[in-house]
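**Q** Quick one, structure for this:
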Amino acid sequence: MTDRHGCRVGPPRDGGDFATCSRRSFVKASPAVAAALVSASPAAGAEVSARAHQPPTVDGGRVNAILADLRRFGGTSDGGTTRLAYSDDDLAGRNYAAGVMEEAGLEVSIDLAGNLIGRRAGTDPAALPIITGSHIDTVPAGGSYDGHVGSAAAIEVALTLHDHDIALRHPLEVIIFPNEEGGKTGSRALVGRVLPFELDIITASGYTIGDGTARIGGDPARIAEARREPGSVAGFFELHIEQGAFLEADGVQIGVVEGIVGIRRWNITVRGMQNHAGTTPMPQRRDALVAAADLIRDVNEVALTTPGRQVATVGRIEAVPGAPNVVPGEVRATLEIRDLEMSKIASVFAEIERRARAVEEARGVTIGLVHFYESLAAPTDPRFRDIVEASASDLGYTNVRMPSGAGHDAQSMAELGPIGMIFVPSRAGISHSPDEYSAPRDITRGTNVLLHSVLRLDAAG
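**A** Numbers count the residues shown, from 1 in each chain. The predicted structure follows:
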């Protein structure tokens, strides 16, 4: 059975092994979180009345305890986390998150794309939902903060509203998006951008996106039905670690994100002539790996010398057949270009493609560049920037406006309605590494800004 958004409710399909939104199946919170849940609950109506006249703030100990709790699922001895999308640890982490979401009074469900959704009704039946959330999957040998902070903070916002018995005019939705690290599958499904071929892509956990979606409670055959209409949300806020060192270096507490870079990716195939490494004279070689090296150098040079903030990366390379005594006949690689403007990505790629043709001619090879992924650049809404900035300032936190060089689920959500993003400092700018770290006080500040931003948007109508 599904709800009006295509969310799965009730028990799993026969033979399914995904975590459902049944309270009895939830992973229990740690003693620290359980204690925080109890202690934060008002004991009497008088306490509720007194607190209603105070500006609400989040429970910093609780949000950081939730964050620590998540490390039970895939945490590694070096302080990092490996919780690959669709893995057993991912299922357990989602199951845990669903349990805490229910403790926050949210109605929890899983939609057809596998998005874990907690919904809190608003007082105005006609009001569109305010959405907040992030992801909890990681890259292999990753950190414990990327995505996790925004997910824990979104749940903490719901818990704080529940504790203080604050009724919003708008419905509130907390969403944990699946497979963010493998292509933002959950959020892209909400805007109808998951193409059929993607369901066959094998993810880092070994499951295809289709099989993984089914495993977490979605339905890959009906994933297109998870799509929501543009204009169907009042707005989306995402809290995230900066994944850069700007805030820390400048001693700024909150980043007000101005926009999220667009991303395009291509598969590169360089074909030369496979031959014996000992008997093929150097002048006669059509070495695919040497040609690929020329192209990789050109990619770096184009990105460095073109005015602007664009970046271009060759992140994966494989030589075929990969033997020490064989001249490589084929090389497979990837190209990624990022910028705040999609037109700039196009112009950088055009120059790289021009240089690829020159390498072809010089090395006697052929070079194919096949586009396979796109995530559109997403400027944040000017009004939402003002809301985040005002919330931070009113709380006494220093703040600055800045771009995001990383991709986020927020850029998919920008196709449904206005978005805002909040950054908190990252130690040394390290991310996608066990050394990834944001201090508890910074996480608490960011969560307070998220809460106040939601309240400001709700009050604005």
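**Q** from here on, contacts and neighbour counts on C-alpha atoms
**A** Fine.
**Q** just the strands in the stretch 1-150 of the chain please.
**A** Defined through DSSP state E, counting those that start in this stretch, the strands belonging to the stretch 1-150 of the chain, from first to last, are 7-8, 107-111, 116-120, 130-135.
**Q** Same question for the stretch 151-300 of the chain.
**A** 172-177, 235-241, 254-260, 262-271, 275-276.
**Q** Pairing partners for the longest one, with directions?
**A** What that stands for is strand 262-271. Sheet pairing here is set by DSSP bridges, and for strand 262-271 it gives strand 330-339 (antiparallel), strand 366-375 (antiparallel).
**Q** likewise the shortest one?
**A** According to DSSP bridges, strand 275-276 has the following sheet partners: strand 326-327 (antiparallel).
**Q** Surely residue 330 touches residue 270?
**A** Yes. Under the criterion of C-alpha atoms under 8 Å, residue 330 is in contact with residue 270, at a separation of 5.5 Å.
**Q** so what sits against both of those two?
**A** Shared contacts of residue 330 and residue 270, defined by C-alpha atoms under 8 Å, 6 or more residues apart in numbering, comprise 288, 289.
**Q** quick one: average pLDDT of stretch 117-136?
**A** Over the span of stretch 117-136, the pLDDT mean works out to 97.
**Q** hmm, I was thinking of stretch 333-352
**A** Confidence over stretch 333-352 (mean pLDDT, whole number) is 96.
**Q** Give me the buried positions along that stretch.
**A** By 16 or more other C-alpha atoms under 10 Å, the buried positions in stretch 333-352 come out as 333-342, 344-345, 348-349, 352.
**Q** Over to stretch 212-230?
**A** Judged by neighbour count using 16+ other C-alpha under 10 Å, the buried positions of stretch 212-230 are 212-220, 223-228.
**Q** Endpoint to endpoint, it covers what distance?
**A** Terminal residues of stretch 212-230 are spaced 27 Å apart (C-alpha to C-alpha, to the nearest Å).
**Q** Please apply the same query to stretch 425-441.
**A** 10 Å.
**Q** mind giving me the domain ranges of this protein?
**A** 7-260+377-460, 262-375 (automatic domain parsing).
**Q** from those, which stretch is densest packed?
**A** domain 7-260+377-460 (a mean of 21; mean count of other C-alpha atoms under 10 Å).
**Q** Identify whichever of the strands of the stretch 1-150 of the chain lies nearest to residue 57.
**A** Of all the strands of the stretch 1-150 of the chain, strand 130-135 sits nearest to residue 57, with 16.9 Å by C-alpha to C-alpha.
**Q** any idea which helix or strand carries residue 447?
**A** Residue 447 is part of helix 440-460, with elements assigned from DSSP states H and E.
**Q** for residue 415, same thing?
**A** Secondary structure here is read from DSSP H and E; on that basis residue 415 sits in neither a helix nor a strand.
**Q** check contacts around it.
**A** When contacts are taken as C-alpha under 8 Å, 6+ apart, residue 415 is in contact with 191, 230.
**Q** quick one: it from residue 263, how far?
**A** Applying C-alpha to C-alpha, the value for residue 415 to residue 263 is 15 Å.
**Q** cool, residue 113 as well?
**A** With distances defined as C-alpha to C-alpha, the gap from residue 113 to residue 263 amounts to 22 Å.
**Q** gap between residue 113 and residue 201?
**A** Distance, residue 113 to residue 201, by C-alpha to C-alpha: 15 Å.
**Q** ok, residue 113 touching residue 221?
**A** No. Residue 113 sits out of contact with residue 221 when judged by C-alpha under 8 Å, with a separation of 9.7 Å.
**Q** Would you agree residue 244 is in contact with residue 430?
**A** Yes. With contact defined as C-alpha under 8 Å, residue 244 counts as touching residue 430 (6.6 Å).
**Q** Can you show me the helices along the stretch 51-200 of the chain?
**A** Under the criterion DSSP state H, counting those that start in this stretch, the stretch 51-200 of the chain carries helices at the ranges 60-70, 88-103, 148-163, 185-190.
**Q** Serialize those to TSV and add fields for mean pLDDT.
**A** What follows is those, written out as TSV (pLDDT from 0 to 100):
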stretch	mean pLDDT
helix 60-70	97
helix 88-103	98
helix 148-163	98
helix 185-190	97
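**Q** For residue 454, which of those is the nearest?
**A** Taking C-alpha to C-alpha as the criterion, helix 148-163 is the member of the helices of the stretch 51-200 of the chain that comes nearest to residue 454, at 8.6 Å.
**Q** got a list of contacts for that closest one?
**A** Contacts of helix 148-163 with the rest of the structure, by C-alpha under 8 Å, 6+ apart, involve 40-42, 56-59, 62-64, 66-67, 70, 100-101, 103-106, 132-136, 167, 174-176, 238-241, 443, 447, 450-451.
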